[in-house]
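**Q** Sharing a sequence plus its predicted fold:
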Amino acid sequence: MLTLAELSKALRRAKTTWGPVEVSPELRGWSYDKPPVKPPAYPGLALSDFAYGYCPTYRNIYLKYVLGERGAPSKTLQEGQVLHSVLFKALEDFRRYAYAGVPMSPGLEGVPEDLRDKAEALYKYVAARLIGEYSYALAARLARSRDAAVFYASPIATQVAVDGAPLGLGYVVADGLALGAVVEFKFGPAPNVEAALAGYAMAIEADWGVPVDYGIHVQISVNHAVEYKVTAYPLGDSARSKFLEARDEAVDVAASGRDPGAPPQCPKTCPFYAACHAGGGR
């Protein structure tokens with residue numbers, strides 16, 4: 001997850017649907033030394049704290065970066081973190097299997113009891129998919145080497161970290177990179193995913209100086225079975241402008257120290273819900 005065939009199909013579909021990606025030179029990440037990419041300040045924000053727009057007023061930025069609140073991860077957030085770890089472990093274990101013959105095993109130490117069934121189901125599904133695709137690539141002579149067969153089965157480089165300082169961010173860790181596109185896995189809600197993908201792409205462009213024109217969102221559901229949907233997005237001017245608008249608002253809150261107040265409605269899954277609603281007030 002994902003195989004080369006799935007990723008290339010998603011990108012072909014995006015190119016057919018939207019055509020060539022148009023990116024203005026001033027909106028490339030490597031234009032970090034001048035507006036609009038140049039940030040108004042450099043507070044070292046985490047991209048995930050603002051890019052998805054979970055808090056409409058960005059009060060989470062005020063609480064975390066100004067007041068130093070840590071927040072309390074919700075059950076939904078904790079589940080997403082656990083399943084992300086399991087997914088990355090499966091992808092890493094697959095390479096050990098392919099190159100060194102080490103059997104794949106979920107190894108659920110540290111996984112909360114109530115999430116073990118989901119974690120095991122996800123791991124076994126990913127293992128079966130990758131081993132099956134790897135074996136097919138070798139047997140069908142699609143790949144003429146072990147390395148090529150691994151690429152056919154799992155072309156994603158996972159947990160790629162780049163320095164986001166030029167954009168006013170801390171270190172930015174993308175879930176994955178594949179075929180020149182940035183990849184994001186999600187196990188829960190993913191609002192504003194295009195803007196977030198654009199942020200990851202721009203951070204990579206700023207650090208590496210190479211263009212990233214597409215983002216791939218993989219929405220995963222784990223119950224008794226594992227289901228997922230793959231969507232590729234062009235990361236053109238619109239997505240990049242949305243990211244920069246959110247970035248500038250978040251940076252302003254952190255740099256000015258102003259309290260923007262809680263939004264009219266707050267999701268109870270927000271890590272800072274208790275901080276905003278202590279005693280029933282705001």
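**A** Nice, thanks for sending it over. Numbering: from 1, shown residues only.

**Q** quick one, what contacts the nearest residue to Ala46 once chain neighbours are set aside?
**A** Closest residue to Ala46 apart from its sequence neighbours, by Cβ to Cβ, 6 or more residues apart in numbering: Gly170 at 5.7 Å. Glycine gets a C-beta too; all of them are placed from N, C-alpha and C. Contact analysis of Gly170 by Cβ atoms under 8 Å, 6 or more residues apart in numbering lists 44-46, 164.

**Q** just Leu130 next, same as before
**A** 1, 3, 90-91, 94, 153-154.

**Q** what's the closest of those residues to Phe185?
**A** Met1 (8.5 Å; Cβ to Cβ).

**Q** which residue sits closest to that closest one, ignoring its sequence neighbours?
**A** Val126 (5.1 Å).

**Q** I'd guessed the one you found sits against Lys89; true?
**A** No. Applying Cβ atoms under 8 Å, one finds Val126 not in contact with Lys89, separated by 9.2 Å.

**Q** ok, those two, which is more surrounded?
**A** For Val126 and Lys89, the more surrounded residue by other Cβ atoms under 10 Å is Val126, and the numbers stand at 24 against 19.

**Q** so what pLDDT did the residue nearest to Met1 get?
**A** Here the pLDDT value assigned to Val126 is 96.

**Q** Same question for Arg282.
**A** pLDDT, read off for Arg282, is 42.

**Q** same check, this time on Tyr52
**A** 92.

**Q** And the residue nearest the centre of the chain?
**A** Glu184 (3.4 Å; Cα atoms, centre = their mean).

**Q** Backbone dihedrals for the nearest residue to that residue once chain neighbours are set aside, both of them.
**A** Using Cβ to Cβ, 6+ apart and skipping the chain neighbours, the partner closest in space to Glu184 is Asp175 (5.1 Å). Dihedral pair for Asp175: phi -60, psi -40, per degrees, to the nearest 10.

**Q** From what I see, Asp175 and Phe187 are in contact.
**A** No. The criterion here is Cβ under 8 Å, and Asp175 misses it with Phe187 at 11.1 Å.

**Q** Are there residues contacting both of the two? Which ones?
**A** Common contacts of Asp175 and Phe187, defined by Cβ under 8 Å, 6+ apart, comprise His84.

**Q** about what we covered before: residue contacts, the residue nearest to Glu184?
**A** Taking Cβ under 8 Å, 6+ apart, one finds 84, 158-159, 183-185 in contact with Asp175.
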